[in-house]
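>>> Based on what follows, work out the 3D shape:
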Amino acid sequence: MRNLLATLLILTTAILSAAAGDSGSAANPASPADDISAGNDRLPATRLPQPLRHPGTAEKIGYREGDTLVVIPANIRMIPNYCFAGCEGLRRVRFEPGSRLAQIGDFAFAECADLIECDLPEGVRRIGDGVFRGCSNLKSISLPHAIWEIPREAFAYCRSLESVDFPAGLRFIRPLAFLHCNSLSIDSIPEYVKGIGNNAFGSCHSLRSMILPAACDELESYAFADCTALESIILPSKTEMLGELLLSGCRRLRSITIPAFVPPVMECNSTLFEPDDKDAWRDCKVYVPAGRLEIYRRSPAWSRFRHIIEQKN
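Have a look, this model is predicted:
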């Protein structure tokens, strides 16, 4: 009897420990190292800690509470995570000539709602997740040439952001990177970009047209969902699979051009629009390569469209 009770106690302890471990992992935000294909559902934004920053961190770099301008000394090589996050009234960030800055940490300037200027030095090679998230008055940004990826949530909720000067060597735009950038009005993505993450441009209500590069072979779920002003899009020629509900909620979309000779399939046998969005399937025209009309009409991913039009050579 004692042996039986001991066995039951060990089993109960193991089950409770496993449950606690699962609960703890679910509460943590996604790791910055997560792959771009982080799931088919809409990804949640990271829950930020309170307070946003550790007192004294920004002060070590020359900031004083209430400053509207901070000048980063030339000898600073890295700005730590959350360093200036939530600094009320901070409007301009400048860098001394000859700046040696190479890295900016996660959420370093997050929720600086008054920030309107931050001209990054050309030596910066990495910017962290959520680096400018919630900078709702930032209107433009120029990214240094060495930046090869725009990380998760980097500019999410920058509702006034109108333009981005992308580096020529950009390869990846990670999930949620420009989520709810309501004023963003770009019309193309740099030619060497290979992947665009889940909800990367979700709810960008000022996008009207979009040309995606031929090299882009990772278009994840909801990447352009709820872009309510989007009227036309040219999809990549090399992609073989498109993310779930890639264009759901794009209610003004009237033209999709697909240069791909073989019809791309949909992830998880999904669709571009919501299945019950009858207006989208009826009103949006799909333009396909010459000689490929019938194969697109027979493809499960494309057969719902009423208008599939063969392009002339």
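>>> Distance of the residue lying closest to residue 252 once chain neighbours are set aside relative to residue 181?
Of all residues beyond its chain neighbours, the one nearest residue 252 is residue 231 (5.4 Å), with distances taken as Cβ to Cβ, 6 or more residues apart in numbering. Placement of C-beta: from N, CA and C, glycine included. Per Cβ to Cβ, to the nearest Å, residue 231 is found 18 Å from residue 181.
>>> So which of these two has more stuff around it?
residue 181 (26 against 15; other Cβ atoms under 10 Å).
>>> List the buried residues in stretch 287-305.
By 16 or more other Cβ atoms under 10 Å, the buried positions in stretch 287-305 come out as 287-289, 292, 296, 299, 301-302, 304-305.
>>> Can you tell me what sits against that stretch?
For stretch 287-305, the surrounding residues in contact (Cβ atoms under 8 Å, 6 or more residues apart in numbering) are 242, 255-266, 269, 271-272, 275, 281, 284-286, 308-313.
>>> In ChimeraX, how would I select the buried members of those residues?
Filtering the contacts of stretch 287-305 down to the buried ones (16+ other Cβ under 10 Å) takes a single ChimeraX command:
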select :242,255,256,257,258,259,260,263,264,265,266,271,272,281,284,286,308
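>>> Please work out the average pLDDT along stretch 202-218.
For stretch 202-218, mean pLDDT is 96.
>>> That one: end-to-end distance?
Distance between the two ends of stretch 202-218: 16 Å, counting by Cα to Cα, to the nearest Å.
>>> ditto for stretch 138-154
Start-to-end, stretch 138-154 (Cα to Cα) is 13 Å.
>>> One more: stretch 149-156?
This stretch, stretch 149-156, spans 15 Å end to end (Cα to Cα).
>>> Following element in sequence after the lowest-mean-pLDDT helix or strand in the chain, please.
Among the helices and strands of the chain, helix 2-27 carries the lowest confidence by mean pLDDT, DSSP states H and E, at a mean of 38. Sequence order places strand 69-72 as the next helix or strand after helix 2-27, per DSSP states H and E.
>>> Please report how far the residue nearest to residue 252 lies from residue 305.
16 Å.
>>> cool, residue 223 as well?
Applying Cβ to Cβ, the value for residue 223 to residue 305 is 19 Å.
>>> now do residue 131
Here residue 131 is placed at a distance of 39 Å from residue 305 (Cβ to Cβ).
>>> swap in residue 160?
According to Cβ to Cβ, residue 160 and residue 305 sit 36 Å apart.
>>> now swap in residue 259 and tell me
Distance of residue 259 to residue 305, given as Cβ to Cβ: 16 Å.
>>> before we move on, what about residue 113?
Following Cβ to Cβ, the distance that separates residue 113 from residue 305 is 42 Å.
>>> same thing with residue 44?
Distance from residue 44 to residue 305, by Cβ to Cβ: 31 Å.
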